[in-house]
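Undergrad: Provided below are the primary sequence and the corresponding predicted coordinates.
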Amino acid sequence: MSSIVNLFVSSPDTRSERRFDLHINILQLKGKLELITGIPNSRDDERPLGFYGPSSLQVLKVVDTNPSLTFTGQLTDLSGVDKFELSDEQYALRQDSVLAYKQRHKVGRFAEKTEQTPQPEPQVDIPIGSRCEVESTEPGLHKRGTVRYVGLTEFNNTGGVWVGIEYDEPIGKNDGSVQGKRYFTCAPKFGVFVRPDRVTVGNFPVEDPFAEDEEM
């Protein structure tokens, strides 16, 4: 069995692969590690490295327990570094800041706000409660129901009027509510919202699905 192991040495400032003899004691090992990492030895240990059973390609992590006293620790320890701080009032007075740039160029929350003129609701001649039939792409399928809502909605960003219909059969998509907003009430799968151009108002009675069945 070889008495040499390849170990990765890791510290806050270094990382390297090194070869060590298993017969050197821990005090000697720490002396070598100090040359590699700059972290001084903090405790003596006469036991050999092999006593701890290291294997090749394992990581030997070196921790600086008192970074304020070592050179490498002073490079990474920020506890003693004076920080440059500005109050909100002082920052607002600076002319070389991102805030000042946004104010000069009217960017973000400093942009000029334009008032939007509310669009009038389009008039649709589809009375609430009237019977209707919805255009279908399936041959022979008559989607009949009752108009329950006509107006604007919150579930579509394109605007315009929607017609809420309660179907005679459970061929719809909702119960009169969409995304937590209720527009009318009906049983689940009986409600649907469509555009006015797909709705025909007229005398459309409820169809009897067994009307055309032959007598047995």
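TA: Looks like it came in fine.
Undergrad: lowest average confidence, helix or strand, in the chain?
TA: helix 71-76 (a mean of 62; mean pLDDT, DSSP states H and E).
Undergrad: can I get the CA coordinates of whichever helix or strand comes after that helix in PDB?
TA: Next in sequence after helix 71-76, counting helices and strands by DSSP states H and E, comes helix 88-93. Provided in PDB are the C-alpha atoms of helix 88-93 (Å, rounded to 0.1, in the frame of the first residue of the first chain):
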ATOM      1  CA  ASP A  88     -31.800  58.500   2.000                       C
ATOM      2  CA  GLU A  89     -31.700  62.300   2.300                       C
ATOM      3  CA  GLN A  90     -28.000  62.500   1.400                       C
ATOM      4  CA  TYR A  91     -28.500  60.100  -1.500                       C
ATOM      5  CA  ALA A  92     -31.400  62.200  -2.800                       C
ATOM      6  CA  LEU A  93     -29.100  65.300  -3.000                       C
END
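Undergrad: for the following helix or strand past helix 88-93, list the C-alpha coordinates in CSV.
TA: Following helix 88-93 in sequence order, the next helix or strand is helix 98-105 (DSSP H and E). Only the C-alpha atoms of helix 98-105 are listed here, as CSV (Å, rounded to 0.1, in the frame of the first residue of the first chain):
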residue,chain,number,x,y,z
VAL,A,98,-29.2,56.4,-10.5
LEU,A,99,-32.0,58.3,-8.8
ALA,A,100,-30.8,61.6,-10.2
TYR,A,101,-30.5,60.0,-13.7
LYS,A,102,-34.1,58.8,-13.6
GLN,A,103,-35.3,62.1,-12.4
ARG,A,104,-33.5,64.0,-15.2
HIS,A,105,-34.7,61.6,-17.9
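Undergrad: would you mind listing the buried residues in helix 98-105?
TA: By 16 or more other C-beta atoms under 10 Å, helix 98-105 has no buried positions at all. Heads up, the C-betas are built off the backbone N, CA and C, glycines and all.
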